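Student: Build the 3D model from these lines:
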Amino acid sequence: MVFFYVILPSNFQRKKMSDIQLNINEDHNKLLLSDLRDLQNIVHLGGGKKKIEREHSRGKLTARERVEYLLDNDTDRLEIAEFAGYDMYADQGGCPSGGVVVVVGYVSGRQCMVIANDATVKAGAWFPITAKKNLRAQEIAMENRLPVIYLVDSAGVFLPMQDEIFPDKEHFGRLFRNNAKMSAMGISQISAVMGNCVAGGAYLPIMSDEAMIVDKTGSIFLAGSFLVKAAIGEEIDNETLGGATTHNEISGVADYKAKDDKDALDKIKNIVDKIGSFDKAGFNRKQAKLPLLNQSDIFRILPKQRNQPYDTYEIIKRLVDNSEHEEYKADFGKTIICTYARIDGWAVGIVANQRKIVKNAKGEMQFGGVIYSDSADKATRFIANCNQKKIPLVFLQDVTGFMVGSKSEHGGIIKDGAKMVNAVANSVVPKFTVIMGNSYGAGNYAMCGKAYDPRLIVAWPSAQLAVMGGTQAAKTLLQIEQATLKRQGVEITKEKEEELLKTITDKYNKQISPYYSASRIWTDAIINPLDTRKWISMGIEAADNSPITEKFNLGVIQT
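Tutor: Next up is the predicted model:
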């Protein structure tokens, strides 16, 4: 007689296996973070070291040096759309950071939006992504009533792509429309012309509340000397045409004359220092406390494999003050966690996808990261409660979509999902979105993707944004491609199928990268997970400048 024995792993062995997996996760996520830092160093060079040296030889600071000098020492700041234009416009030589540096930071103790043209990138010329980035900066400033500081040094529209930047609603002209709207709203705007300021761009500083120009390096005119000669035959140099002396002593276009970049920036600091306070929204804040649990554990918790479950509660406890939170409907709709907490002292309502496989009240297993009817219903009610109590919302995304299949359809998943989307869309409290992992399909919408007006939306290096996951999408696209080729009479061999699948997979994987999203400003930033608390805290501080004037209303929904 032969006996077969099954040897189960001991508790010690299971713990050892678990530790190995946690170490693998940590190594993977820290490598992603290292890649992020490397790419940041590259885009921070703008047009490159030679272009930076050229600016210095002209007695000018670079855009990033100007921003650094302007902001208060040793204070936090948020760089918006740092990767705008990344891996785009290769045929035009690239456009690092969209040719403009945008930062929310503190000037003379006041939170401000700073927008600085980078003259090392095509002389600060505007690409389509430059316009989109500037408009996003203005949108953030308008939503949060932040003073705006423009550090102007731009050759104007990038002419080879003028058809993609000039005439449409969200193109170059919208910038000046926003100047006018912000002025009417009472939002302070200050401009310093520190280099070129030509053509239509010349209206930006003059539509600001106050404008200054740096002597000998700054110039403002609708047409430069070459164009003036071509148009009307007049011989004149740029300094006489539109330099600092001209616009301070003759035209009256500028309000201040600065001797150099630092003098201009010092003047801005002095002006901001005098701005009075405004009504606040009144969001609840108490003394901030750090999480009790080690925040760096996030790197160990977040799995290397995207389909591997993990407990989102463990992430939340490493983001919130004192690792404490008060959960709403803890035993219902378990694939979405809804909980009250504090982040850096600010009261928040957190809506997070639970990535752990859970069991509902009927004993049925539910997939982590999937939104079911009960979860959507719970989230809708929680969002309404946060609006009632004036509590900002924080969405932690790791979602693969809504549950499919006959059982879900018959149970009204579309109706319940629509209720949640309706609540997110009509929410009047500030919303902040953090994409931790997957952000697929309608799950992106329900969890406050870019289309639903989060005040800020950021991604961790582990994030992916797409209609569906890479594996499923590649197989679907392969089927479509095969069907097309067969109709054309092309024989599909095994080798041809593998080649097609690889081509499709590589292309799709590039498109779902967080850098692909960030380059197109579908997200505001890719951040170190350990900076999440800072982004949310500064975001709520900004939002507190803008009182809520609308009423929350769900509109017409199916019940």
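
Student: any residues touching the lowest-mean-pLDDT helix or strand in the chain, and which ones?
Tutor: Every helix and strand of the chain was ranked by mean pLDDT, DSSP states H and E. The lowest is helix 470-487, at a mean of 75. Residues outside helix 470-487 that contact it (CB atoms under 8 Å, 6 or more residues apart in numbering) are 464, 466-468, 492, 497, 500-501, 504-505, 508-509, 512. From N, CA and C alone the C-beta is placed, and that goes for glycine too.

Student: hmm, 7 Å instead?
Tutor: 466-467, 492, 500-501, 504-505, 508-509, 512 (CB atoms under 7 Å, 6 or more residues apart in numbering).

Student: Show me where the chain dips below the pLDDT cut-off.
Tutor: Low-confidence segments of the chain, defined by pLDDT under 70: 1-17, 200, 469-471, 473-474, 558-559.

Student: Just give me the longest helix of it.
Tutor: In the chain, taking DSSP state H as the definition, the longest helix is helix 11-43.

Student: okay, the least confident helix or strand of the chain in PDB with CA atoms only?
Tutor: What follows is helix 470-487, C-alpha atoms only, in PDB (Å, rounded to 0.1, in the frame of the first residue of the first chain):
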ATOM      1  CA  GLY A 470      -3.200  45.600 -21.000                       C
ATOM      2  CA  THR A 471      -3.700  41.800 -21.300                       C
ATOM      3  CA  GLN A 472      -7.400  42.000 -22.000                       C
ATOM      4  CA  ALA A 473      -7.000  44.900 -24.400                       C
ATOM      5  CA  ALA A 474      -4.100  43.300 -26.300                       C
ATOM      6  CA  LYS A 475      -6.200  40.100 -26.900                       C
ATOM      7  CA  THR A 476      -9.200  42.100 -28.000                       C
ATOM      8  CA  LEU A 477      -7.200  44.200 -30.400                       C
ATOM      9  CA  LEU A 478      -5.500  41.100 -31.700                       C
ATOM     10  CA  GLN A 479      -8.800  39.600 -32.600                       C
ATOM     11  CA  ILE A 480      -9.800  42.700 -34.500                       C
ATOM     12  CA  GLU A 481      -6.500  42.800 -36.300                       C
ATOM     13  CA  GLN A 482      -6.700  39.100 -37.200                       C
ATOM     14  CA  ALA A 483     -10.300  39.500 -38.600                       C
ATOM     15  CA  THR A 484      -9.100  42.500 -40.700                       C
ATOM     16  CA  LEU A 485      -6.200  40.600 -42.100                       C
ATOM     17  CA  LYS A 486      -8.200  37.500 -42.900                       C
ATOM     18  CA  ARG A 487     -10.700  39.600 -44.800                       C
END
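
Student: Distance from the chain centre to it, please.
Tutor: Distance, stretch centre to chain centre, for helix 470-487: 32 Å (CA atoms, centre = their mean, to the nearest Å).

Student: which other helices and strands contact the next helix or strand after that helix?
Tutor: Downstream of helix 470-487, the next assigned helix or strand under DSSP states H and E is helix 494-511. With contacts defined as 3 or more CB pairs under 7 Å, 6 or more residues apart in numbering; DSSP states H and E, the packing partners of helix 494-511 are helix 470-487.

Student: could you give the angle of the helix it packs on to helix 494-511?
Tutor: Computed by axes from the mean of the first three to the mean of the last three CA atoms, to 10 degrees, the angle separating helix 470-487 from helix 494-511 equals 130 degrees.

Student: From here on, call the first residue 56.
Tutor: Okay, using 56 as the starting number, the last item reads as helix 525-542.

Student: The longest helix of the chain packs against which elements?
Tutor: helix 353-356.

Student: Can you show me the strands along the stretch 456-605 of the chain?
Tutor: Taking DSSP state E, counting those that start in this stretch as the test, the strands found in the stretch 456-605 of the chain are 456-457, 486-495, 511-514, 519-521, 580-581.

Student: so which of the contacts of helix 525-542 would you say is closest to Glu419?
Tutor: For those, the residue nearest Glu419 by CB to CB is Val522; the value is 27.1 Å.

Student: Tell me, how many residues neighbour the closest one?
Tutor: By the measure other CB atoms under 10 Å, the count of residues near Val522 is 15.

Student: cool, and Lys104?
Tutor: Around Lys104 there are 10 residues (other CB under 10 Å).

Student: Same question for Glu369.
Tutor: 16.

Student: where's it, which helix or strand?
Tutor: With DSSP H and E as the test, Glu369 turns up in helix 367-371.

Student: Output the contacting helices and strands for the following helix or strand past that helix.
Tutor: Next along the chain after helix 367-371, taking DSSP H and E as the criterion, comes strand 380-383. Under the contact criterion of 3+ CB pairs under 7 Å, 6+ apart, strand 380-383 touches strand 391-398.

Student: mind running it again at 8 Å?
Tutor: strand 391-398, helix 428-444 (3 or more CB pairs under 8 Å, 6 or more residues apart in numbering; DSSP states H and E).

Student: Give me the contacts around that strand.
Tutor: By CB under 8 Å, 6+ apart, strand 380-383 touches 371-372, 392-396, 405, 433, 437, 440.

Student: What subset of these is buried?
Tutor: 371-372, 392-396, 405, 433, 437 (16 or more other CB atoms under 10 Å).

Student: wait, what's in contact with Trp577?
Tutor: Contacts of Trp577 (CB under 8 Å, 6+ apart): 505, 520.

Student: From Arg373, how far out is Glu379?
Tutor: 12 Å (CB to CB, to the nearest Å).

Student: Correction: the previous question concerned Gly228.
Tutor: 45 Å.

Student: How about Glu265?
Tutor: With CB to CB as the criterion, Glu265 and Arg373 are 44 Å apart.

Student: the more surrounded of those two?
Tutor: Using other CB under 10 Å, the more surrounded residue of Glu265 and Arg373 is Arg373, with 21 against 16.

Student: if I read this right, that one contacts Leu345, doesn't it?
Tutor: No - with contact defined as CB atoms under 8 Å, Arg373 does not count as touching Leu345 (10.1 Å).

Student: For Tyr124, grab phi and psi.
Tutor: phi -70, psi -40 (degrees, to the nearest 10).

Student: Also Ile107?
Tutor: phi -60, psi -40.

Student: contacting residues around it?
Tutor: 100-101, 117, 175 are the contacts of Ile107 under CB under 8 Å, 6+ apart.

Student: at 7 Å what do you get?
Tutor: Neighbours of Ile107 in contact, by CB under 7 Å, 6+ apart: 101, 117, 175.

Student: What is the nearest of those to Ser243?
Tutor: After measuring the contacts of Ile107 against Ser243 - CB to CB - the closest member comes out as Thr117, at 25.1 Å.

Student: What separation is there between that closest one and Lys106?
Tutor: 9 Å.

Student: higher neighbour count, the two?
Tutor: Thr117 (24 against 18).

Student: Isn't the more buried one up against Glu110?
Tutor: Yes - counting by CB atoms under 7 Å, Glu110 is a contact partner of Thr117 at 5.4 Å.

Student: who touches both of those two?
Tutor: Common neighbours of Thr117 and Glu110 (CB under 7 Å, 6+ apart) are Thr175.

Student: of all the helices and strands packed on strand 380-383, which lies closest to Phe276?
Tutor: strand 391-398 (47.9 Å).

Student: What angle do strand 486-495 and that closest one make with each other?
Tutor: Computed by the same axes, to 10 degrees, the angle between strand 391-398 and strand 486-495 is 140 degrees.

Student: Would you mind pulling the contact partners of the helix or strand following strand 391-398?
Tutor: Using DSSP H and E, the helix or strand that follows strand 391-398 towards the C-terminus is strand 401-408. The contact list for strand 401-408 (CB under 7 Å, 6+ apart) reads 338-340, 367, 371, 390-397, 424, 434, 437-438, 441, 446-454, 502, 592, 595.
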